[in-house]
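J.: Give me a model of this one.
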Amino acid sequence: MLLPKPKRLMPRAHLPPGTLTTDPSMRKTIVQLITFGQGTSDERVLDTPESIRSLELPEHQVAWINVDGLGDLAMLEAVAQRFGIHPLAMEDAVDTAQRAKIDLYGDHSCIILPMPFLADRHFRTEQLALMLGKTWIVTVQEGADGDCLDPLRRRIRDHKGRIASGSASYAAYAIVDTVIDAYFPLIERLEQRIEHLEDEVIFRTTGDDIVRIRHLKRDIALLRRAVWPLRDAVSAMLSADHVFSHDERLYLRDAYDHVARVLDMLDNARSIAADLTDIYMAVTSNRMGEVTKVLTIIATIFMPLSFIAGLYGMNFNMPELGWKYGYPFSLGLMVATVVGLLIFFRRRGWIGTTFLRVQARRTTKGRESRARAAEGGGPPDRAAKSP
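T.: Alright, predicted model coming up:
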């Protein structure tokens, strides 16, 4: 299973600041306009640069222009010209290696957000640039299939919630909050992967487990690298009192708490994933010890058998030649020796009670005890607890 190709991390070199460049191989640019406020909403697609430059915004409503795809330079330039977006803000919007932040440019601001999604069984983040004006919002996306903003669009179409009132700054907060909340389902899925992989490593270890642990660690590092600067960006939004009202900053404080929760969950997941490597090495070493122990027991069992057979083989007058029960006696002696050794080994605890088998029994008893406690409302059995 191949890991996704990493993004380019270095900024564009040898170009003046504010230079807008695109990659023609990227997805074609699609510009969608949504106007909403005062109980009404409207949607349409702007398919030419001329339609963007000649766009007339309705009064007392918010215009949300969503730019999906960075492959058409003319469309991007038309959007920047129509709304007077600062060249540095537009450069950051098309440079997909930016970290989460907020920049202020006079009458508008630029917010960079990492938007998470799942692709090819691995987590990835797509950059979402949000330009906020007095009555308009421009969002610029890289152009992956879909985004996490569909619930917000449904609320606008259905005229539900405060976002339908027609406040651009509150709509910007709603976008930020929706992007942050999109991390929770992915982290929940990440925790399920960790729990499943932990059971696999302890009870059904295979050679592929170490590779799966490496992929898990990489996904956690990717999400944490995206969320860590997001906390600083939301904190900076809380200080932007001329961008967000006092009431909106209260909502942003709740979004900040969500980011802190996401970071705590990622830190916990990273700690467990780090322990998984140690558990894998310990279980692998324990299995090797079990194999060595079995081979040693087999060799120990055959030592007295070899002695008995060798002792008989050294004499010309073998017992079975002069005594009709000599041959069965020698075989019976060998069988008795094997049985005696096995009983001795079992009483010493050298066979029949492996570490993994004991742990499996304890885990099963613990789960059954917790299930009975959940059904009857009583505490779990003390005997089911691990020491």
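J.: my guess is I34 is in a strand, correct?
T.: Yes - under DSSP: H, G, I helix; E, B strand; the rest coil, I34 falls within a strand.
J.: So it versus T48, what's the distance?
T.: 18 Å (Cβ to Cβ, to the nearest Å). All C-beta spots, glycine's among them, are computed from the backbone N, C-alpha and C.
J.: Neighbour count: those two, which is higher?
T.: The neighbour comparison of I34 against T48 (other Cβ atoms under 10 Å) goes to I34, with 20 against 12.
J.: Now do the same contact list for the more buried one.
T.: Residues counted as contacts of I34 (Cβ atoms under 8 Å, 6 or more residues apart in numbering) are 41-43, 63-64, 66, 153, 156.
J.: What subset of those is buried?
T.: Buried residues within the contacts of I34, counting neighbours by 16 or more other Cβ atoms under 10 Å: 41, 63-64, 66, 153, 156.
J.: so where's the stretch 251-387 of the chain shaky on pLDDT?
T.: 312-322, 352-387 (pLDDT under 70).
J.: 80 instead?
T.: Low-confidence segments of the stretch 251-387 of the chain, defined by pLDDT under 80, span residues 290, 308-330, 348-387.
J.: For it, just list every one of the helices.
T.: 319-322, 326-347, 355-376 (DSSP state H, counting those that start in this stretch).
J.: What of the stretch 101-250 of the chain?
T.: Using DSSP H, counting those that start in this stretch, the helices of the stretch 101-250 of the chain run over 150-157, 168-181, 183-203, 209-239, 246-313.
J.: Pick the most deeply packed of those.
T.: helix 168-181 (a mean of 22; mean count of other Cβ atoms under 10 Å).
J.: List the contacts of L152.
T.: Contact analysis of L152 by Cβ under 8 Å, 6+ apart lists 163, 174-175, 178.
J.: neighbours of Y327, just the number please.
T.: A total of 14 residues lie near Y327 under the criterion other Cβ under 10 Å.
J.: so how far is M334 from it?
T.: 11 Å.
J.: ok, now C148?
T.: 72 Å.
J.: quick one: which of these two has more around it?
T.: For C148 and M334, the more surrounded residue by other Cβ under 10 Å is C148, and the numbers stand at 20 against 16.
J.: Not counting residues beside it along the chain, what's closest to the more buried one?
T.: A182 (3.9 Å; Cβ to Cβ, 6 or more residues apart in numbering).
J.: Dihedrals phi and psi, the one you found?
T.: phi -70, psi -20 (degrees, to the nearest 10).
J.: tell me the contacts of it?
T.: By Cβ under 8 Å, 6+ apart, A182 lies in contact with 115-117, 148.
J.: Give me the subset of the residues you listed that lies in strands.
T.: If you go by DSSP state E, the contacts of A182 have 115-117 in strands.
J.: What is the nearest of those to W228?
T.: Nearest to W228, judged by Cβ to Cβ, of these is P116 at 13.5 Å.
J.: Could you measure from the closest one over to V227?
T.: 9 Å.
J.: where do the contact lists of these two overlap?
T.: Y183.
J.: got the contact list for the spatially closest residue to Q32 that is not a sequence neighbour?
T.: Once flanking residues are discounted, Q32 sits nearest to N66: 4.7 Å by Cβ to Cβ, 6+ apart. The contact partners of N66, by Cβ under 8 Å, 6+ apart, come to 31-34, 138-139, 141, 149.
J.: just Y280 next, same as before
T.: 201, 205, 209-210, 213.
J.: about what we covered before: give me phi/psi at the residue nearest to Q32?
T.: The phi/psi pair for N66 (degrees, to the nearest 10) is phi -110, psi 120.
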